[in-house]
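Enquirer: need the 3D shape of this:
(2 chains)
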Amino acid sequence: MSTTDVKTKKLTMIEGVREAMRLMLKENDDILILGEDVGKNGGVFRATEGLYEEFGEDRVIDTPLAESGIIGNSIGLAVNGFRPIVEIQFLGFIYPAFNQLMTHATRLRQRSMGRYTVPLVVRAPYGVGVRAPEIHSDSVEGLFTHMPGIKVVVPSNAYDAKGLLISSLEDPDPVLFLEPLRCYRSSRTEVPDEKYYIDIGKSSVLKTGEDISVFTWGAMVQDTLKAVKELEKTRNISCEVIDLRTLYPLDKNTISSSVQKTGRAAIVHEAPATGGVSNDVISLINDTSFLYLRAPIQRVTGFDTPVPVYSLEQEYLPSAAKIQAAIERAVDF
Amino acid sequence: MLDQFPIQQVIHQDGHITDEKYKEKISIDKTKDLYYKMLRARLLDKKCVNLQRQGRIGTYVPYEGQEAAQIGSACALDEGDWMFPTYRDHAATLTFGFSMRNLLLNWRGRYEGNVPPEGIHIFPPGIPIASQLLHATGAAWAEKKHGTDRVSLVYFGDGATSEGDFHEALNFGSVFDTPTIFFNQNNGYAISVPMEKQMKSKTIAQKGLGYNIPSVRIDGNDVFAVYFATQEAVERARAGNGPTLIEAVTWRYGAHTTADDASMYRDQKESEIRRQTTDPLLRIERFLKAQSAWEEAWINELESSIMSEIETALEEMESYPDHEFAHLFDHVYDQPTWTIQDQVNEHLAIKRRQTQ
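Expert: So this is what the prediction gives:
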């Protein structure tokens, strides 16, 4: 089929998420959606809008308000033939289910030597910058990349969201699918109507460049692109910007070959610095590309504080000025 | 609540049937079969405590005293049903078809010890307290969605009823009418903490009321009381009438684990008294004697065949091939991620260097 035959629609990211779920619910009867307010209400962000009407209450299930209960039951369903998609209303509310993920979902396969497996996708809106009440904006992907047995993905646009969610729903292992709140409706991208995959573990080079590789994900992708373009106007610096898209397992080849080309690297994320995924990117570069480096690797991150109340969230978020300063530090080193 | 949930008994501790209505439901053959299963479990448990003392297995969790609760309930399930044990429920898993060798391998620190025979649904033992109840409702919910009449049975202790997952599981089971038997073994202690410090509730059965779940309190040392109550719960679940909460009141004679000393928190004389009074095996012995069906030759034969089964399983366990280091990395994901693959290679390289 030539590319001109591919029918596309311009979708927001949340529409991309919904399209993937609709397509997969149609294709595979084993797929269920479970969560709080995902049924009649269509989800508090409308991610599941229309799916309850289309697929019925046996497949798009309003559950009791109990995160551990939702994920625990989904483990039982997954082991016994279903492929649940769990919506956790906000990532900041996933903590009651931490035990179910850490001690069961991620290790039943190993504990049972492959007898019991948990093909489970947990979707969770997350992130700073939408003036939400406390706890709603937590940005804590590092808690989950530290869990052996789960994969962690973060799309930043509709195209990636649809393809990544489809891949997640065909993955034999648990996947945490993070949905950056600021990206939900901030832009539209062309999305094919048909089924396609974005592979888990593959990053996306958004902009090629020669002097520095800037790695980021989620809502910081657009901020980073904007900051970089401004900087390139004022300084003669050519930046490569890479959206990691998968935080575990990281895209080793793309990250290392980019750094080996540019000789410099910066990582931008909104989660707290200590224990953040940036540290794994630095380790990867250290292990693969140390002798190519021409400057210390820069990090631009949130602080080692809780994600604050919304009146302080702009102070917390990595700003364009900070991203630019980090790039300049590396280039001017 | 004690009035509302009296402890139901079928066979009194002195061996007589408490109500004539049970008489026709209890055959000598069935009684002997249940006795055999309890004896098998008890002899294995005693052996395991010794094996731990000898350093032949790791920390061990004894269940001695709770055989009737575990075996009476396990016998009410059919093949195809799901069992969700804790780490103290291997009398139940053994009875439901788990192999004795694999059971011993579990205490030897092997993943094989979590793997049931093909076609038998037994989950790896739940370690974090009460967390397995939610898998039991989920798996039973799946059976309901598949349109089968299979059920799930999940074991948990008195302490587990303080956990949030207990309440979430009862609520999910209730809301979605899952075919689940919540089987509580109330042995009076959560490690060292007695029930009266664990809860104000006088019974565990009453906790089902809050979720509109039929609940019953039974003598957990009376294997027929357990068997009949579980059968009734299983029938209810198979008929599509949802979950049941069973509180089986029992007692563990020994410590929480071989690493625990029960005399630190309770008078172990209580266990000695109970061995002579409420013991689940003694009760059946008394019953069979009252029926003139206790034969020394039968019991001797039973003991020696069980001991030889245990010795065979032990030999198989001890001659089982050692873990290969690769097992550490197996089954973490369906396909190893590159980080794991790199770690395997590095680990191998160092090992090779050491052996050169």
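Enquirer: quick one, what contacts the residue of the stretch 1-150 of chain A found nearest chain B?
Expert: With Cβ to the nearest Cβ as the measure, residue A:76 is the residue of the stretch 1-150 of chain A nearest to chain B, at 1.9 Å. The C-beta positions use only the backbone N, C-alpha and C, and glycine is treated the same way. By Cβ atoms under 8 Å, 6 or more residues apart in numbering or on different chains, residue A:76 lies in contact with B:134-142, B:152.
Enquirer: and those residues, which of them are buried?
Expert: B:134-142, B:152 (16 or more other Cβ atoms under 10 Å in any protein chain shown).
Enquirer: among these, which are within reach of chain A?
Expert: B:134-142, B:152 (Cβ under 8 Å from any Cβ of the partner chain).
Enquirer: as JSON lines, those with distance to residue B:277 would be great.
Expert: Formatted as JSON lines, those follow (distance: Cβ to Cβ, whole Å):
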{"residue": "B:134", "distance to residue B:277": "37"}
{"residue": "B:135", "distance to residue B:277": "37"}
{"residue": "B:136", "distance to residue B:277": "33"}
{"residue": "B:137", "distance to residue B:277": "36"}
{"residue": "B:138", "distance to residue B:277": "40"}
{"residue": "B:139", "distance to residue B:277": "38"}
{"residue": "B:140", "distance to residue B:277": "37"}
{"residue": "B:141", "distance to residue B:277": "41"}
{"residue": "B:142", "distance to residue B:277": "43"}
{"residue": "B:152", "distance to residue B:277": "34"}
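Enquirer: find the pair from those residues with maximum spatial separation.
Expert: The widest separation within these, taken as Cβ to Cβ, falls between B:134 and B:142 and amounts to 12.7 Å.
Enquirer: which of the residues in the helix ranked longest in chain B are buried?
Expert: Using DSSP state H, we find that the single longest helix of chain B is helix B:28-53. For helix B:28-53, a neighbour-count test (16+ other Cβ under 10 Å) marks B:31-32, B:34-45, B:47-49, B:51-52 as buried.
Enquirer: also stretch A:173-182?
Expert: Quick answer for stretch A:173-182 (16+ other Cβ under 10 Å): A:173-182.
Enquirer: ditto for stretch B:253-272
Expert: Result for stretch B:253-272 [16+ other Cβ under 10 Å]: buried residues B:253-256, B:258, B:260, B:262, B:271.
Enquirer: pLDDT wise, what is the residue sitting nearest the centre point of chain A at?
Expert: The residue lying closest to the centre of chain A (Cα atoms, centre = their mean) is residue A:154, at 1.1 Å. For residue A:154, the pLDDT comes out at 98.
Enquirer: next, work out how far apart the residue in the stretch 101-250 of chain B that chain A sits nearest to and residue B:120 are.
Expert: Closest approach of the stretch 101-250 of chain B to chain A (Cβ to the nearest Cβ) occurs at residue B:138, with a separation of 1.9 Å. Separation of residue B:138 from residue B:120 (Cβ to Cβ, to the nearest Å) stands at 19 Å.
Enquirer: for residue A:24, see how far away the residue in the stretch 201-333 of chain A positioned nearest to chain B is.
Expert: Nearest residue of the stretch 201-333 of chain A to chain B, counting by Cβ to the nearest Cβ: residue A:249, 4.1 Å away. According to Cβ to Cβ, residue A:249 and residue A:24 sit 23 Å apart.
Enquirer: tell me the contacts of the residue positioned nearest the centre of chain B?
Expert: In chain B, the C-alpha nearest the mean C-alpha coordinate belongs to residue B:89, at 2.4 Å (Cα atoms, centre = their mean). Contacts for residue B:89 (Cβ under 8 Å, 6+ apart) come out as B:63, B:70, B:125, B:155.
Enquirer: again, 7 Å this time
Expert: B:70, B:125, B:155 (Cβ atoms under 7 Å, 6 or more residues apart in numbering or on different chains).
Enquirer: skipping adjacent residues, who's closest to the last one in space?
Expert: Think residue B:155. Nearest residue to residue B:155 in three dimensions, chain neighbours excluded: residue B:89, at 4.6 Å (Cβ to Cβ, 6 or more residues apart in numbering or on different chains).
Enquirer: for the one you found, grab phi and psi.
Expert: When read as degrees, to the nearest 10, the backbone of residue B:89 gives phi -110, psi 30.
Enquirer: pLDDT at it, what is it?
Expert: On the pLDDT scale, residue B:89 gets 98.
Enquirer: burial count for residue 210?
Expert: All of this refers to chain A. The tally of other residues near residue A:210 (other Cβ atoms under 10 Å in any protein chain shown) stands at 13.
Enquirer: chain B is the one I meant
Expert: 12.
Enquirer: just the element for the residue nearest to it when sequence neighbours are not counted, please.
Expert: Distances taken as Cβ to Cβ, 6+ apart place residue B:170 nearest to residue B:210, at 7.7 Å, with adjacent residues excluded. For residue B:170, the host element (DSSP states H and E) is helix B:164-175.
Enquirer: quick one, helices of the chain?
Expert: No chain in the question, so chain A it is. Counting by DSSP H, the helices of chain A are A:13-27, A:51-55, A:67-79, A:98-99, A:108-111, A:142-145, A:158-169, A:220-234, A:252-262, A:278-289, A:313-316, A:320-331.
Enquirer: wait, chain B
Expert: B:28-53, B:67-74, B:90-95, B:100-107, B:133-146, B:164-175, B:195-198, B:223-238, B:269-276, B:280-290, B:296-318, B:338-355.
Enquirer: so for residue A:270, which of the ones you listed sits nearest?
Expert: By Cβ to Cβ (comparing all of the helices of chain B), the closest turns out to be helix B:338-355, at 23.6 Å.
Enquirer: good, wrapping up.
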